[in-house]
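Q: return atomic coordinates for the entry below.
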Amino acid sequence: MAHPRCDETIAWTALGGHFEAHGRELDLREAFARDADRAAAFSLQAPEVFADLSKNLWDDSTRRLLVELAEAVQLPTRRDAMLAGEPINTTEGRAVLHTALRAPRGAGPFSDEVHEVLDRVLAFAERIRDTASSGITDIVNIGIGGSDLGPRMAVPALDAHSHPGLRLHFVSNVDGHDIAPVLRRLNPATTLFIIASKTFTTQETMANAGVARAWFLAKGGTDTRKHFVGVTTNLKAAAEFGITETFGFWDWVGGRYSLWSAIGLPLAIAIGADHFRAFLAGAHAMDQHFAQAPLRENLPVQLGLLDVWYRNFHHFSSRSVAPYHQGLKRFPAYLQQLEMESNGKRVDTDGRALRLGTSPVVWGEPGTNGQHAYFQMLHQGTDVIPVEFIAVKTPTHDHAELHTKALANCLAQSQALMLGKTAAEAATESAPTASATLDRTVLSRHRSFPGNRPSTTLVLEALTPRALGALIALYEHRVFTSATVWGINAFDQWGVELGKALCNQLLPRFGSGDLSGLDGSTAALLQRLRA
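A: Numbers count the residues shown, from 1 in each chain. Below you'll find the model as predicted:
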């Protein structure tokens with residue numbers, strides 16, 4: 001049975017009418033003045049994550065109509081189909097079961113296979129963590145995309161829980177400037193390389209793996225079986241490379257959803273088996289919330305619906321993510337792949353061209369660094385960009401005064417985005433750095449802020465393995481929610497393929513110099529770049 005598309009439902013038309021009548025001009029300052037309980041009414045508690053959604057450009061009618069839209073596109077039915085293992089990735093004929101990777105033993109599809117691999121991964125991780133026996137001090141993960149972004153994000157996020165005697169390195173870019181400085185710091189006798197490629201054919205990963213193996217042998221390494229491990233299903237190719245220890249995963253695990261699988265081996269080595277199981281448990285708790293909570297109280301659903309409201313009615317084309325915790329410095333980059341590779345689509349599941357916008361541009365930096373880089377545009381620029389603040393209540397360091405300053409900055413920025421400052425207010429203030437000859441009226445316009453700019457604040461009690469697992473799962477289900485409303489397949493990525501295919505055609509031309517059949521620009525650039 002075909003599922004209705006959002007823009008073909010009565011609920012969509014109703015939302016459009018509501019936007020024109022009330023949504024377009026909603027003023028947050030007035031909304032808070034009218035409703036003293038607005039913060040409580042628009043806050044939600046999910047496992048490990050509290051969300052204040054009150055500084056967003058919506059009211060109770062908006063929320064009700066968005067829930068009606070979710071019901072009209074049969075979001076609960078489609079969610080249940082995903083969790084049950086139905087082949088909802090229709091273009092590839094696959095199930096989508098990253099949730100099965102964090103389900104307790106016996107509680108999810110393919111449980112025996114999942115836990116057999118998990119047990120092996122964690123046993124291997126514990127052997128490496130016993131540095132007196134393993135002799136390993138450095139682990140280098142070589143992967144790209146989902147085989148890199150997840151572990152690269154999670155390892156520093158959970159630094160406080162990591163093995164103090166191990167150093168984790170990540171190599172992804174095929175540009176040799178990525179791997180060269182990493183190799184310079186290593187001793188082959190104490191280094192473990194993890195080659196993460198499901199097919200063991202990924203161009204960038206295998207090129208870097210070849211360089212790593214050549215370096216290992218040139219520096220006197222003698223046993224690739226001890227110092228190289230594969231996360232792959234291509235056992236034959238791994239064996240030909242010199243790898244005998246491998247961990248596999250399944251075609252129902254998409255790359256950007258694979259951190260929970262053997263792809264998480266670097267994280268498991270860093271934090272150990274118990275913490276890794278807690279990481280999985282946090283994600284499973286969020287899965288249960290997504291599966292069971294009513295849509296109005298379901299945090300991933302509410303965030304996904306807000307994304308639709310902003311993208312398709314307010315026409316905001318980007319969203320900034322500002323985690324006020326240095327450990328989450330790679331979280332915006334991780335979310336870029338999760339959201340833009342999933343939802344950056346222009347046709348629906350039936351191949352019909354969409355008449356609406358899909359994925360926003362997702363970007364950001366940790367606070368307070370971002371405040372001194374791009375927040376100027378957020379506050380006074382011509383585009384309205386929703387901001388997502390992530391605050392962590394309890395630090396894992398002893399510098400309480402620094403943590404308090406970080407949290408105060410986080411709250412102040414969301415407050416400033418909403419309140420703004422009028423020119424009249426600016427005119428009453430002193431501005432020591434302003435030109436003494438500039439007209440005060442002109443100066444006040446420069447120093448005014450429009451305000452009424454939306455933001456969401458997510459709060460974690462502490463950045464623990466369980467909390468990080470829940471946070472990541474929250475975003476995964478949020479992306480699924482907006483994809484379902486738009487009627488797109490969030491689990492394929494055909495847009496990655498074309499450039500890779502053309503690259504394979506161009507590579508031999510760098511050697512031969514053959515320019516025949518190329519467009520003028522590519523031919524001229526290739527000629528200029530040839531050695």
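Q: rest of the way, CA atoms for contacts and neighbours
A: Fine.
Q: domain ranges for this protein, per the record?
A: Taking automatic domain parsing as the criterion, the chain consists of the domains 6-87+280-426+440-486, 98-276, 497-529.
Q: residue closest to the middle of this protein?
A: The centroid of the chain falls nearest to Leu335 when counting by CA atoms, centre = their mean (1.8 Å).
Q: report the contact partners of Pro323.
A: Lys329, Phe331, Glu365, Pro366, Gly367, Glu388, Phe389, Ile390, Ala391 (CA atoms under 8 Å, 6 or more residues apart in numbering).
Q: same deal with Thr441?
A: Counting by CA under 8 Å, 6+ apart, Thr441 makes contact with Ala423, Ala427.
Q: in which helix or strand does it reside?
A: In this structure, Thr441 sits in helix 440-446 according to DSSP states H and E.
Q: pull out the buried positions in that helix.
A: The neighbour-count check on helix 440-446 (16 or more other CA atoms under 10 Å) flags Leu443, Ser444 as buried.
Q: and stretch 29-42, by the same measure?
A: Going by 16+ other CA under 10 Å, stretch 29-42 has these buried residues: Ala31, Arg38, Phe42.
Q: now the strands for this structure?
A: For the chain, the strands defined by DSSP state E occupy 43-46, 49-52, 138-142, 167-171, 191-196, 228-231, 246-247, 318-324, 361-363, 387-394, 455-462.
Q: count of residues packed around the closest residue to Leu419 other than its chain neighbours?
A: Closest residue to Leu419 apart from its sequence neighbours, by CA to CA, 6 or more residues apart in numbering: Gly451 at 4.9 Å. Applying other CA atoms under 10 Å, we find 21 residues neighbouring Gly451.
Q: need the per-residue pLDDT for Gly451.
A: We have a pLDDT of 97 for Gly451.
Q: contacts only, for it.
A: Gly451 touches His379, Ala416, Leu417, Met418, Leu419, Gly420, Lys421, counting by CA under 8 Å, 6+ apart.
Q: now do Phe331
A: Listed by CA under 8 Å, 6+ apart, the contact partners of Phe331 are Met153, Pro323.
Q: rerun at 6 Å
A: With contacts defined as CA atoms under 6 Å, 6 or more residues apart in numbering, Phe331 is in contact with Met153.
Q: give me the phi and psi angles of the residue sitting furthest away from the middle of the chain.
A: Residue farthest from the centre of the chain, counting by CA atoms, centre = their mean, is Thr437 at 48.1 Å. Here is the backbone geometry of Thr437 (degrees, to the nearest 10): phi -100, psi -10.
Q: mind putting the domains of the chain in TSV, distance to Pro432 included?
A: Converted to TSV, those look like this (distance: least, CA to CA, whole Å):
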stretch	distance to Pro432
domain 6-87+280-426+440-486	12
domain 98-276	40
domain 497-529	51
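Q: hmm, back to that, any idea which of the contacts of Pro323 is closest to Ser320?
A: Comparing the contacts of Pro323 against Ser320 with CA to CA places Glu388 closest, at 6.1 Å.
Q: nearest residue to Thr246 other than its sequence neighbours?
A: According to CA to CA, 6+ apart, the nearest residue to Thr246 is Gly230 (4.5 Å).
Q: tell me which of the domains of the chain lies nearest to Thr433.
A: domain 6-87+280-426+440-486 (11.2 Å).
Q: endpoints of that closest one, how far apart?
A: 6 Å (CA to CA, to the nearest Å).
Q: one more: stretch 48-56?
A: Start and end residues of stretch 48-56 are separated by 21 Å (CA to CA).
Q: and that stretch, what's its mean pLDDT?
A: 98.
Q: which residues are contacting it?
A: Counting by CA under 6 Å, 6+ apart, residues outside stretch 48-56 touching it are Ala39, Phe42, Ser43, Leu44, Pro454, Ser455, Thr456, Thr457, Leu458, Val459, Leu460, Ala467.
Q: count of neighbours near the fourth one?
A: The reference is to Leu44. Neighbours around Leu44, by other CA under 10 Å: 18.
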